[in-house]
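Undergrad: generate a structure from the sequence data that follows.
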Amino acid sequence: MSDTPFHLPWLLCLVLLLAACNPFDPNEEPDYNKRIIVKSISLTKDKVVEWYHFSLITGYSPDFIEVKSGGQHRLLGKTHNLSDIQSRGDTLLILVQKNDFLYLDTAGFPDLKVSLENGRSPYLYK
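TA: Sure thing, here's the model as predicted:
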């Protein structure tokens, strides 16, 4: 038998786990290089839309929708209820469980048609 108390290894594991945690602060964006891309679709040969979130041990990362064009990327929207993104012709279709975006900037993309659907009725943004 060991002289080490039984709870010491468990306590050490708990301390190491908590030290590795990075809580998500909703007012501060996590490191962009630590994102997990859920889906990426091409609208044109030089315009790509990505849906991603961040992998966090503690905390809950919202879903982000970003448009990449001409070597630059801009945030289109941020929500907790994203179901899917699709391309239908020249329109980006965003499927959500409910329309409660934390951030949505369709006016910043004048050449992009966005349709937002929540399973009941479509909303078309230009």
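
Undergrad: which ones are touching residue 93?
TA: 85, 86, 87, 115, 117 (Cβ atoms under 8 Å, 6 or more residues apart in numbering). For every residue, glycine as well, the C-beta is placed using N, CA and C.

Undergrad: export the helix or strand containing it as PDB, just CAs?
TA: Assigned by DSSP states H and E, residue 93 belongs to strand 91-96. Written as PDB, here are the backbone C-alpha positions of strand 91-96 (Å, rounded to 0.1, in the frame of the first residue of the first chain):
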ATOM      1  CA  THR A  91     -28.700  33.400 -52.300                       C
ATOM      2  CA  LEU A  92     -27.100  32.300 -49.000                       C
ATOM      3  CA  LEU A  93     -29.700  30.400 -47.000                       C
ATOM      4  CA  ILE A  94     -29.200  30.500 -43.200                       C
ATOM      5  CA  LEU A  95     -31.300  28.000 -41.300                       C
ATOM      6  CA  VAL A  96     -31.900  28.800 -37.600                       C
END
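
Undergrad: next, name the residue at the spatial heart of this structure.
TA: residue 63 (2.5 Å; Cα atoms, centre = their mean).

Undergrad: beta partners of the closest residue in space to that one that isn't next to it in sequence?
TA: Closest residue to residue 63 in three dimensions, ignoring its sequence neighbours and counting by Cβ to Cβ, 6 or more residues apart in numbering: residue 82, at 3.9 Å. Residue 82 has the following beta-bridge partners by DSSP bridges: residue 96.
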